[in-house]
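Undergrad: Sharing a model that was predicted from the sequence below.
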Amino acid sequence: MTLEQLINEHHGLLNENDEYVLGFITRNMEKSIKQTVSELARQANVSDSTIIRLTKKLGFKGYGEFRYFLKEEYVRNQKTRVDMSDLFQPTILLEDVQVTIKLFEDDKSVEDIYEAIRRSKRIFAYATGHGQRMMLNEFARCMWNLGIYIIIVPEKNELKLISNDITDEDLLFVVSLSGRLNTLEEIVRKIQLKGTQLISVTRFGQNKLASLADTSLYYQVTNINNVNGLNNSSFCTLNLALSLLYEGYLNYQKMNS
């Protein structure tokens, strides 16, 4: 299991400080795996107990076991970078960016998304992974500038609770890389039966989520890393697709004001 998978699995237990520490560790992995708990706490500007509690929330007996896991993660990632380096050339990322822009420009249904945003009483948004959730949070922050407040649903359990209250006057974004629903399918179908407008945001291609959605927004991801199931460029093109949606809605709002 990767660190990102661990974070996704235990996300409901994590608070804002935990998210900050995990972000610090992710950005400084090489340094973190060499540090004691006190050294890491000092670098991250938190207490030793904060880090120890965090490791236990993630299912480790203590910091020592967590650090051993991080070392394995670091070695695995280094090997992956070497093995997959030919897949992450700038030209491939550029192609993904260009295709994502073209997908957006050619999408005639994007006007339907703008209209759904405009007339919805409430807007909810759910992401299936930690990285996707970060991109979704940034999109929501941008929409605040337009006076539109998106309610980010943090976990599947919360989405299940919302499914009891959501109505046909509401809108739900579901952001995913693969578009696979697995245990989410029953919840999504229940929401759909209530007449709630469902917008999927996934990599380009046929997938279960897009087939159930009223409208789909796509982004391009050329290669998927078989080790962790991700492509390092996927967050870039997802962020681009959501940024294009924000800019497009900004123009739509101006034209209809």
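TA: Everything's here; your move. Because the structure is predicted, anything quoted here is derived from the model rather than measured.
Undergrad: what's the offset of the helix or strand of the chain with the lowest mean pLDDT from the middle of its chain?
TA: When the helices and strands of the chain are scored by mean pLDDT, DSSP states H and E, helix 63-84 comes last with a mean of 75. Distance of helix 63-84 from the chain centroid (C-alpha atoms, centre = their mean, to the nearest Å) equals 22 Å.
Undergrad: who touches whatever helix or strand comes next after it?
TA: Next helix or strand after helix 63-84 toward the C-terminus (DSSP states H and E): helix 90-106. Helix 90-106 is contacted by residues 110, 204, 217-223, 233, 236-237, 240-241, 244-245, 248 when judged by C-beta atoms under 8 Å, 6 or more residues apart in numbering. C-beta: built from backbone N, CA, C; applies to glycine.
Undergrad: Phi and psi next, for Leu177.
TA: Main-chain torsions, Leu177, degrees, to the nearest 10: phi -80, psi -60.
Undergrad: picking that back up, buried stuff in the least confident helix or strand of the chain?
TA: 63, 66-67, 69-70, 73, 77 (16 or more other C-beta atoms under 10 Å).
Undergrad: Against which helices or strands is it packed?
TA: When contacts are defined as 3 or more C-beta pairs under 8 Å, 6 or more residues apart in numbering; DSSP states H and E, helix 63-84 packs onto helix 3-9, helix 29-32, helix 48-57.
Undergrad: what helices or strands is the shortest one leaning on?
TA: For helix 29-32, the elements it packs on are helix 37-44, helix 63-84, judged by 3+ C-beta pairs under 8 Å, 6+ apart.
Undergrad: ok so, going back, so which of the helices and strands packed on helix 63-84 gets nearest Lys190?
TA: Comparison of these against Lys190 by C-beta to C-beta identifies helix 3-9 as nearest, at 22.3 Å.
Undergrad: Tell me the helices and strands packed up against that closest one.
TA: helix 16-27, helix 63-84, helix 130-144.
Undergrad: Glu95 and Leu103: what is the separation?
TA: Counting by C-beta to C-beta, to the nearest Å, the separation of Glu95 from Leu103 is 12 Å.
Undergrad: angle of the longest strand belonging to the chain against helix 90-106?
TA: The residue-count maximum for a strand in the chain (DSSP state E) belongs to strand 197-203. Inter-element angle recorded for strand 197-203 and helix 90-106: 160 degrees (by axes from the mean of the first three to the mean of the last three C-alpha atoms, to 10 degrees).
Undergrad: what lines up beside strand 197-203 in the sheet?
TA: strand 171-175 (parallel), strand 215-219 (parallel) (DSSP bridges).
Undergrad: helices or strands up against the helix or strand harbouring Tyr126?
TA: Per DSSP H and E, Tyr126 falls inside strand 123-127. If you count contacts as 3+ C-beta pairs under 8 Å, 6+ apart, strand 123-127 packs onto helix 130-144, strand 150-153, strand 171-175.
Undergrad: closest to Ser32 out of the ones you listed?
TA: Judging these by C-beta to C-beta, what sits closest to Ser32 is helix 130-144, at 17.6 Å.
Undergrad: Now that closest one - C-alpha only, CSV.
TA: Coordinates of each C-alpha in helix 130-144 appear next as CSV, following Å, rounded to 0.1, in the frame of the first residue of the first chain:
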residue,chain,number,x,y,z
HIS,A,130,-6.6,12.5,-2.1
GLY,A,131,-4.9,14.1,-5.0
GLN,A,132,-8.1,14.7,-6.9
ARG,A,133,-9.6,16.1,-3.7
MET,A,134,-6.8,18.7,-3.6
MET,A,135,-7.6,19.8,-7.2
LEU,A,136,-11.3,20.0,-6.3
ASN,A,137,-10.5,22.1,-3.2
GLU,A,138,-8.7,24.6,-5.5
PHE,A,139,-11.6,24.7,-7.9
ALA,A,140,-14.0,25.4,-5.1
ARG,A,141,-11.8,28.2,-3.8
CYS,A,142,-11.8,29.8,-7.2
MET,A,143,-15.6,29.6,-7.5
TRP,A,144,-15.8,31.5,-4.2
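Undergrad: residues in contact with that helix?
TA: With C-beta under 8 Å, 6+ apart, helix 130-144 has contacts from 4, 7-8, 11, 125, 127, 149-150, 152, 154, 173, 175-177, 230, 234-235, 238-239, 242-243, 245-246, 249.
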